[in-house]
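Peer 1: pasting the sequence and the predicted model now:
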Amino acid sequence: MKDESEIWEELSNIPADPPEMRDKCLQCRRPAGVCWCPGLPTTPLKCSSRIVVLQHPAEVKRCLRTAPMLTLALEAGKCITYRGKKFPSAKHEGLMEILNDPDTLLLYPSPNAVPLNEFTPVGTDGQKPYNLVLLDGTWPQAKAMYTASPALSKLKSCKLVNVSTSEYVIRTQPTEGCLSTLESGALALSILENKPWLKDGMLGPLHYLCKFQLENGAVTHQSKEFLIKQKAYPKLIGKRLAKQLRTLPDTTF
């Protein structure tokens with residue numbers, strides 16, 4: 001049996017520094033082996049409007065979040081992010097001015113939301129560039145941010161209609177009509193700018209990520225709504241989720 005001095009000697013030889021982490025990409029901050037930057041446009045995409053992401057703090061911890069893809073796909077300054085649960089606050093520098101801009105739109109299916117294709121595209125009849133506000137979080141988180149932020153309910157709200165199934169096939173969506181933050185922003189921006197090619201360019205990183213994951217063991221996911229209807233959802237759902245699925249509109253925010 002080792003005596004106390006031997007035990008302390010062994011403990012003293014344990015390195016004080018933490019183990020080395022995997023190398024990370026300097027752009028997307030993901031481990032280099034699973035970086036999605038090769039899917040980014042060769043040069044950042046040009047647009048006149050701006051995307052303003054209001055991000056729930058919990059989104060930062062998600063390893064497969066898509067909001068950073070928006071920032072890196074567009075020219076510098078064309079996608080800005082504010083983090084919090086209530087907007088605006090004192091720490092959100094410049095956000096109040098954006099929310100007070102008459103050309104600011106909130107992509108959210110409120111009762112008064114207008115289909116996005118009914119808005120005048122940028123440059124038509126003198127239409128100025130838009131500020132497109134996106135709520136980045138799960139559906140319950142986005143709803144909570146909207147409810148906690150009276151300033152958001154005063155904005156002109158818009159919605160996407162007749163959207164196709166999400167191309168984020170490695171992540172389960174709540175309903176058939178839900179899109180990721182990246183997909184929502186890309187589709188909305190391409191409509192407001194009247195530049196259909198913007199969508200494909202912005203979705204490049206998502207396509208690259210999904211292709212890589214599927215080639216390395218991931219499987220495609222159906223929406224929770226689809227699985228529940230097919231009685232194939234792997235776990236029971238509570239009354240709260242069942243009610244949310246019944247009340248969700250057929251559009252994304």
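Peer 2: The structure has been received and is ready for your questions.

Peer 1: for the chain, which spans come out with low pLDDT?
Peer 2: 1-22, 173-177, 219, 221-253 (pLDDT under 70).

Peer 1: could you redo the last one with a cut-off of 80?
Peer 2: Along the chain, segments meeting pLDDT under 80 span 1-22, 63-64, 170-177, 217-253.

Peer 1: ok, the most centrally placed residue in it to L155 distance?
Peer 2: In the chain, the residue lying closest to the centroid (Cα atoms, centre = their mean) is T181, at 3.0 Å. Here the criterion is Cβ to Cβ, to the nearest Å. By it, T181 lies 18 Å from L155. (Each C-beta comes from the backbone N, C-alpha and C, glycine too.)

Peer 1: what's the burial count for the nearest residue to L203 once chain neighbours are set aside?
Peer 2: Leaving aside its chain neighbours, L203 sits nearest to A186 (5.5 Å; criterion: Cβ to Cβ, 6 or more residues apart in numbering). Counted with other Cβ atoms under 10 Å, the neighbours of A186 add up to 28.

Peer 1: give me the phi and psi for A186.
Peer 2: Main-chain torsions, A186, degrees, to the nearest 10: phi -60, psi -50.

Peer 1: residue contacts, it?
Peer 2: By Cβ atoms under 8 Å, 6 or more residues apart in numbering, the residues touching A186 are 70, 198-199, 202-203.

Peer 1: do that again at 10 Å, thanks
Peer 2: 45, 51, 66, 69-70, 73-74, 167, 179-180, 198-204, 206 (Cβ atoms under 10 Å, 6 or more residues apart in numbering).

Peer 1: now, of those residues, which are buried?
Peer 2: 45, 51, 66, 69-70, 73-74, 179-180, 198-199, 201-204, 206 (16 or more other Cβ atoms under 10 Å).

Peer 1: okay, and which of those residues map to helices?
Peer 2: 69-70, 73, 198-199, 201-202, 204, 206 (DSSP state H).

Peer 1: which single one of the residues you listed is nearest to D136?
Peer 2: L70 (9.2 Å; Cβ to Cβ).

Peer 1: that closest one against L182, yeah?
Peer 2: Yes: counting by Cβ atoms under 10 Å, L70 touches L182, with 5.7 Å between them.

Peer 1: what packs against the one helix or strand L134 maps to?
Peer 2: In the assignment (DSSP states H and E), L134 maps to strand 131-136. In terms of contacts (3 or more Cβ pairs under 10 Å, 6 or more residues apart in numbering; DSSP states H and E), strand 131-136 is packed against strand 50-55, helix 67-73, strand 79-83, helix 95-100, strand 104-107, helix 139-148, strand 156-159, helix 181-192.

Peer 1: and if we set it to 6 Å?
Peer 2: With contacts taken as 3 or more Cβ pairs under 6 Å, 6 or more residues apart in numbering; DSSP states H and E, strand 131-136 sits against strand 50-55, strand 104-107, helix 181-192.

Peer 1: that one vs strand 50-55, what angle?
Peer 2: Taking axes from the mean of the first three to the mean of the last three Cα atoms, to 10 degrees, one finds strand 131-136 and strand 50-55 inclined to each other by 20 degrees.

Peer 1: can you list the strands that strand 131-136 pairs with?
Peer 2: strand 50-55 (parallel), strand 104-107 (parallel) (DSSP bridges).

Peer 1: need the contact partners of the first one.
Peer 2: Among residues not part of strand 50-55, those counted as contacts by Cβ atoms under 6 Å, 6 or more residues apart in numbering are 67, 70, 78-83, 87, 98, 131-136, 185.

Peer 1: what angle sits between that strand and helix 181-192?
Peer 2: Using the same axes, to 10 degrees, strand 50-55 lies at 150 degrees relative to helix 181-192.

Peer 1: got the angle for strand 50-55 vs strand 79-83?
Peer 2: Using the same axes, to 10 degrees: strand 50-55 against strand 79-83 is 20 degrees.

Peer 1: starting at the chain centroid, how far to strand 50-55?
Peer 2: Distance of strand 50-55 from its chain centroid, counting by Cα atoms, centre = their mean, to the nearest Å, is 9 Å.
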